[in-house]
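Engineer: let's see this in three dimensions:
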Amino acid sequence: MRKLLLTVAAVLGTGLAATACNPVTPYAAVVNGTVITQSQLNSELAAIAGNKSDVASIEAGATSNGGGSLTITGAGTGTYGATFASEVLRQEILYVLIEQELAKHHVSVSSYDLTAARADVPGALQGSGQTAVTLTDFPRAYQNLLTRRQAELEALEADLGGQVLTQAAVEGYYAAHPGEFFEACASRIEVGSALAALGVEADLAKGTSFAAEAAAKSTDTQTSAQGGQLGCGSGLQFASAFGAGFSQAVATTAVGKPSAAVLSPNGYDIVEVSQRQPLPLDSAYSQIRQELTSAGSTALQSVLSTDVIRADVTVDARYGSWSARGVGGNSGVIPPVVPAVRSDLAPAPAG
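Structural biologist: Okay, the predicted model is just below:
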């Protein structure tokens, strides 16, 4: 749930046709008495299907997850794939549960929350597909919906984690953690033991280049051929990928000089920084908000898992049925099954 659920890359299989025409009944689903209308669902389906970049991202993501391509459109004009429609409806059900949890916790979303969350949405739209999707690629009304969802998601995560997401909280975190907010380009040599690290440090002290030493001795096979180059990132990104000690070395080691060996999960790292500059508050804003909500992310997963099991959910039959524990233990809308037509069951010709 950390990311918006717009890119349904985890959906498997090819959907059947689900009509987007006038519904017989007014609801697509009812969640603990809250109605998700057919028009709401159809509007979201149209917004996603109308964005060619997003369709490409969804379909690429489905393939990369081992499920084959995902059909967005249905068999007829103005229709959508049933698996696609059922997954989008599942998302809408989950966001209704989030709204209901916010009400239970007496948490409301402010205009500040909406403004700040809007900047978080573009990163949240990057699913496992290969095509970048930006908020402005969608109709204005759908942009507003995605922004509100992100704001509600973050507000609930913050509350569950005992945090607040006010401007003062973000600025206070920035001021209290000056060593985390920088951008740097770094390389590393990873070795498996303290003795091996001493050997690398000795070679570097004798004048062996960092790149040559990485190519010869680093156990990180993904970077050794590039002289140990990791690329560039922020302090929080280095900490997330390699640990706080590694990020501290990137933050404090003199540019162009190798660091002392840093203990790592796989042994020891020697770090070299080619460039580094402070990250201003406005550039770090979304990262800080994500950090403040990270503790509540796991709690939210637990809360939603319980809510899904306890929820009273009714789904219109044209979209399938609701299962609190579906295939693989995941909750969701199970698409309707269209009976197969068999030629051997057809009536025998007269005469």
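
Engineer: can I assume residue 183 sits in a helix?
Structural biologist: No: the assignment for residue 183, made by DSSP: H, G, I helix; E, B strand; the rest coil, is strand rather than a helix.

Engineer: do you know how far it is from residue 215?
Structural biologist: Noted for residue 183: a distance of 26 Å to residue 215, by CB to CB, to the nearest Å. The C-beta positions use only the backbone N, C-alpha and C, and glycine is treated the same way.

Engineer: same question, residue 250
Structural biologist: Residue 250 is 21 Å from residue 215, by CB to CB.

Engineer: for the closest residue to residue 235 other than its chain neighbours, list the residues it contacts.
Structural biologist: Counting by CB to CB, 6 or more residues apart in numbering, residue 235 lies nearest to residue 180, which is 4.2 Å off, once chain neighbours are set aside. Counting by CB atoms under 8 Å, 6 or more residues apart in numbering, residue 180 touches 234-236, 239, 247, 251.

Engineer: can you add pLDDT and give the residues you listed back as a markdown table?
Structural biologist: Converted to a markdown table, the contacts of residue 180 look like this (pLDDT from 0 to 100):
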| residue | pLDDT |
| --- | --- |
| 234 | 87 |
| 235 | 87 |
| 236 | 81 |
| 239 | 89 |
| 247 | 93 |
| 251 | 93 |
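
Engineer: mind listing which of these are in strands?
Structural biologist: Among the contacts of residue 180, DSSP state E puts residue 234 in strands.

Engineer: what is the nearest of the contacts of residue 180 to residue 331?
Structural biologist: Nearest to residue 331, judged by CB to CB, of these is residue 236 at 31.5 Å.

Engineer: excluding chain neighbours, what is closest to the closest one?
Structural biologist: The shortest distance from residue 236 to any non-neighbouring residue, by CB to CB, 6+ apart, is to residue 287 (5.1 Å).

Engineer: same question, residue 44
Structural biologist: Residue 44 sits nearest to residue 88 (CB to CB, 6+ apart), 5.7 Å away.

Engineer: pull the CA atoms of the helix or strand containing that neighbour into PDB?
Structural biologist: If you go by DSSP states H and E, residue 88 is part of helix 82-104. The C-alpha coordinates for helix 82-104 follow below in PDB (Å, rounded to 0.1, in the frame of the first residue of the first chain):
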ATOM      1  CA  ALA A  82     -13.000  -8.300 -16.700                       C
ATOM      2  CA  THR A  83      -9.700  -8.900 -14.900                       C
ATOM      3  CA  PHE A  84      -8.700  -5.300 -15.300                       C
ATOM      4  CA  ALA A  85     -12.100  -4.000 -14.200                       C
ATOM      5  CA  SER A  86     -12.100  -6.300 -11.100                       C
ATOM      6  CA  GLU A  87      -8.700  -5.200 -10.000                       C
ATOM      7  CA  VAL A  88      -9.600  -1.500 -10.300                       C
ATOM      8  CA  LEU A  89     -12.700  -2.200  -8.300                       C
ATOM      9  CA  ARG A  90     -10.600  -4.000  -5.700                       C
ATOM     10  CA  GLN A  91      -8.500  -0.900  -5.400                       C
ATOM     11  CA  GLU A  92     -11.600   1.300  -4.900                       C
ATOM     12  CA  ILE A  93     -12.800  -1.100  -2.200                       C
ATOM     13  CA  LEU A  94      -9.500  -0.800  -0.400                       C
ATOM     14  CA  TYR A  95      -9.500   2.900  -0.500                       C
ATOM     15  CA  VAL A  96     -13.000   3.000   1.000                       C
ATOM     16  CA  LEU A  97     -11.700   0.900   3.800                       C
ATOM     17  CA  ILE A  98      -8.900   3.400   4.300                       C
ATOM     18  CA  GLU A  99     -11.400   6.300   4.400                       C
ATOM     19  CA  GLN A 100     -13.400   4.400   7.000                       C
ATOM     20  CA  GLU A 101     -10.300   3.800   9.100                       C
ATOM     21  CA  LEU A 102      -9.500   7.600   8.900                       C
ATOM     22  CA  ALA A 103     -13.000   8.200  10.300                       C
ATOM     23  CA  LYS A 104     -12.400   5.700  13.100                       C
END
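
Engineer: okay, the residue nearest to residue 235 and residue 296: tell me how far apart.
Structural biologist: 19 Å.
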